[in-house]
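Student: Predicted model follows, preceded by the sequence.
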Amino acid sequence: MCIIEIDKFPKHILNIIYAEHIFPGRFNDWQQHSPFAKKTLISGIEQAVTWYSMPEYIPERYMYQFNLLDCHHLFVNARVKCCSTGIDACGIKKEAWIKVAKNSNVNGCGLSLALVEDLVDKQSNGFAQKTFSEDVEKALHSKSIGD
């Protein structure tokens, strides 16, 4: 019964609910495992620094190293990879994106060939959002794709 009701919610709403549910515990765990205080005073800087990254200790070098994920570039590069070559190991075919874009006037997803074949503005977050939108996802899953 619950599954039937939950299936009616848009995926992005369920993602938000889940993230808000797990965030307090995950954030608390993250803070407790950080080698630095929540607010750190650094010589020469007037305000205390708040850390937004978890450093990794490298024992061979006797130091901490910060590794940062650049979410924007991961997102826009995923668009380029999916649309240019696909990802065969994951069953992602570039031809499916092209077919959806060619039929966007019928399926109503709004994806254009310029975004898929020409890869206009490869670093555009907005174009990546359009490429991975729910409307495009629905068009990709529709029976008209065939694959």
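Tutor: Ah, there it is.
Student: which SS state does the closest residue to Ile58 other than its chain neighbours fall under?
Tutor: Nearest residue to Ile58 in three dimensions, chain neighbours excluded: Gln65, at 5.3 Å (CB to CB, 6 or more residues apart in numbering). Where C-beta positions appear, they are placed from N, C-alpha and C, glycine not excepted. Per DSSP: H, G, I helix; E, B strand; the rest coil, the secondary structure class of Gln65 is strand.
Student: So what's the residue count around Gln65?
Tutor: Gln65 has 9 neighbouring residues, counting by other CB atoms under 10 Å.
Student: and it, what does it touch?
Tutor: Contact partners of Gln65, counting by CB atoms under 8 Å, 6 or more residues apart in numbering, are Pro55, Glu56, Tyr57, Ile58.
Student: Dihedrals phi and psi, Glu56?
Tutor: Glu56 has phi and psi values of phi -110, psi 130 when expressed as degrees, to the nearest 10.
Student: hmm, back to that, would you quantify the distance from the residue nearest to Ile58 to Ser43?
Tutor: Plainly put, Gln65 is 21 Å away from Ser43 if you go by CB to CB, to the nearest Å.
Student: got it, and Cys83?
Tutor: Using CB to CB, one obtains 48 Å as the distance from Cys83 to Ser43.
Student: neighbour count winner among these two?
Tutor: Ranked by neighbour count (other CB under 10 Å), Cys83 and Ser43 place Cys83 first, with 24 against 4.
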